[in-house]
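# Based on what follows, work out the 3D shape:
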Amino acid sequence: MQNRSHLLTEQRLPESMNLDAMSVEDAVALMNAQDAVAVAAVAAEKPNVARAVELVAGCLARGGRLIYVGAGTSGRLGILDASECPPTFRAPPEQVQGIIAGGESSMFRSTEGAEDSTEDGAAAVDAKGVGESDVIMGIAAGGTTPFVHGALRRAAERGARTIFMSCVRRVEGEPLVDITIRPLTGPEVLTGSTRLKAGTATKLVLNTITTLSMVRLGKAYENLMVDLQASNLKLLDRGARIISMITGLARDPAIELLHQANGHVKRAIIMHARGVGTEEADKILQNFGGNLRGAVGDGIKSD
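Numbers count the residues shown, from 1 in each chain. From the prediction side, this is the model:
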């Protein structure tokens with residue numbers, strides 16, 4: 001059994017040594033202050049996060065996939081981020097995926113022993129049919145998770161590009177990868193509970209990678225999520241507001257236009273800007289690789 005006591009995430013935080021005797025107000029203030037440490041740790045990794053965005057965006061543009069691999073909290077955060085991409089960016093569900101040690105049931109019930117097998121990590125990558133067009137991002141807050149190491153090594157063998165995220169300094173036996181993202185969040189308020197600062201840092205990094213990769217793929221116009229599919233009342237309202245902001249249409253005509261476009265915001269804007277129907281709007285969009293700014297230019301306001 002590996003001795004992990006030297007890892008930053010396993011050490012004790014001096015400020016929380018008296019955690020069990022603190023007032024609630026002091027404990028809340030402490031946790032809030034430590035959350036700020038996570039934000040600063042991610043900021044220190046900006047160059048590597050930017051490299052990851054470039055890598056992921058390029059692979060997705062060529063038809064590849066981003067697949068997160070993790071165990072426990074790390075695995076759950078990967079699946080959470082992946083699951084948000086279809087509703088936010090109208091991305092195909094297979095474009096961004098997550099693998100968690102122990103399988104789907106581990107999303108809801110902890111299966112701690114599942115992370116200990118490098119072979120299972122490799123098998124999970126094989127099961128996904130990972131290839132040269134894909135990016136595999138392994139997430140291991142403490143850096144040593146065998147499941148993640150096994151997945152990254154097999155992904156590299158299969159020709160995929162690889163990213164490793166960890167919240168500790170390099171440990172012996174880490175797999176060789178294309179990019180390493182290492183926000184050093186330090187000891188947790190509750191010793192060893194990496195669902196805290198390390199989890200916060202992970203969420204921040206994953207949010208940044210997928211959001212900016214999708215923006216580079218033309219999924220946004222200015223700072224608006226124009227590839228939104230209005231599949232419920234909340235999204236219908238948001239979609240109509242986006243159309244109004246970009247085209248200058250009043251709310252009711254924007255809603256009507258969105259219905260005509262079958263809930264697809266980007267299609268609706270092209271229909272308005274170019275004076276075309278749904279089929280022609282889709283052709284125009286396809287000709288510009290899905291990029292709305294390219295398809296209609298900067299000025300889309302109504303007369």
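
# all strands for the protein, in order.
In the chain, strands defined by DSSP state E lie at 66-70, 96-100, 135-139, 161-165, 179-181, listed in chain order.

# May I see those strands organised as JSON lines, with mean neighbour count, distance to residue 285 and mean pLDDT added?
(C-beta placed from N, C-alpha, C; glycine too.) Converted to JSON lines, those look like this (neighbours: other Cβ atoms under 10 Å; distance: least, Cβ to Cβ, whole Å; pLDDT from 0 to 100):
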{"stretch": "strand 66-70", "mean neighbour count": "29", "distance to residue 285": "23", "mean pLDDT": "98"}
{"stretch": "strand 96-100", "mean neighbour count": "24", "distance to residue 285": "21", "mean pLDDT": "97"}
{"stretch": "strand 135-139", "mean neighbour count": "29", "distance to residue 285": "25", "mean pLDDT": "98"}
{"stretch": "strand 161-165", "mean neighbour count": "25", "distance to residue 285": "28", "mean pLDDT": "98"}
{"stretch": "strand 179-181", "mean neighbour count": "22", "distance to residue 285": "32", "mean pLDDT": "98"}
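
# Figure out which of these is closest to residue 86.
Across these, the minimum distance to residue 86, taken as Cβ to Cβ, is reached by strand 96-100, at 8.4 Å.

# Run through the stretch 151-300 of the chain and note the low-pLDDT ranges.
298-300 (pLDDT under 70).

# again, only this time at 80
By pLDDT under 80, the low-scoring segments of the stretch 151-300 of the chain are 297-300.

# Tell me which stretches of it form helices.
Assigned by DSSP state H, counting those that start in this stretch, the stretch 151-300 of the chain shows helices spanning 197-216, 233-247, 251-260, 265-274, 278-287, 292-296.

# Dump the C-alpha coordinates for the longest one into PDB.
In other words, helix 197-216. C-alpha atoms of helix 197-216 as PDB (Å, rounded to 0.1, in the frame of the first residue of the first chain):
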ATOM      1  CA  LYS A 197     -10.900  23.000  -2.600                       C
ATOM      2  CA  ALA A 198      -9.500  20.400  -5.100                       C
ATOM      3  CA  GLY A 199     -13.100  19.700  -6.300                       C
ATOM      4  CA  THR A 200     -13.700  23.500  -6.700                       C
ATOM      5  CA  ALA A 201     -10.500  23.900  -8.700                       C
ATOM      6  CA  THR A 202     -11.500  20.900 -10.900                       C
ATOM      7  CA  LYS A 203     -14.900  22.400 -11.600                       C
ATOM      8  CA  LEU A 204     -13.300  25.700 -12.500                       C
ATOM      9  CA  VAL A 205     -10.900  24.100 -15.000                       C
ATOM     10  CA  LEU A 206     -13.500  21.900 -16.600                       C
ATOM     11  CA  ASN A 207     -15.900  24.800 -17.000                       C
ATOM     12  CA  THR A 208     -13.200  26.800 -18.700                       C
ATOM     13  CA  ILE A 209     -12.100  24.000 -21.100                       C
ATOM     14  CA  THR A 210     -15.500  23.100 -22.400                       C
ATOM     15  CA  THR A 211     -16.900  26.600 -22.500                       C
ATOM     16  CA  LEU A 212     -14.000  28.200 -24.400                       C
ATOM     17  CA  SER A 213     -13.600  25.100 -26.700                       C
ATOM     18  CA  MET A 214     -17.300  25.400 -27.700                       C
ATOM     19  CA  VAL A 215     -16.900  29.200 -28.200                       C
ATOM     20  CA  ARG A 216     -14.000  28.500 -30.600                       C
END
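
# Residue 252: which of the strands of the chain is closest?
Closest to residue 252 of the strands of the chain, according to Cβ to Cβ: strand 96-100, at 35.2 Å.

# how about the helices of the stretch 151-300 of the chain in JSON lines, adding distance to residue 161 and mean neighbour count?
Converted to JSON lines, the helices of the stretch 151-300 of the chain look like this (distance: least, Cβ to Cβ, whole Å; neighbours: other Cβ atoms under 10 Å):
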{"stretch": "helix 197-216", "distance to residue 161": "13", "mean neighbour count": "22"}
{"stretch": "helix 233-247", "distance to residue 161": "33", "mean neighbour count": "19"}
{"stretch": "helix 251-260", "distance to residue 161": "37", "mean neighbour count": "17"}
{"stretch": "helix 265-274", "distance to residue 161": "28", "mean neighbour count": "25"}
{"stretch": "helix 278-287", "distance to residue 161": "27", "mean neighbour count": "15"}
{"stretch": "helix 292-296", "distance to residue 161": "27", "mean neighbour count": "19"}
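
# Between those helices, which one is closest to residue 61.
Here helix 197-216 is closest among the helices of the stretch 151-300 of the chain (Cβ to Cβ), at 7.8 Å.
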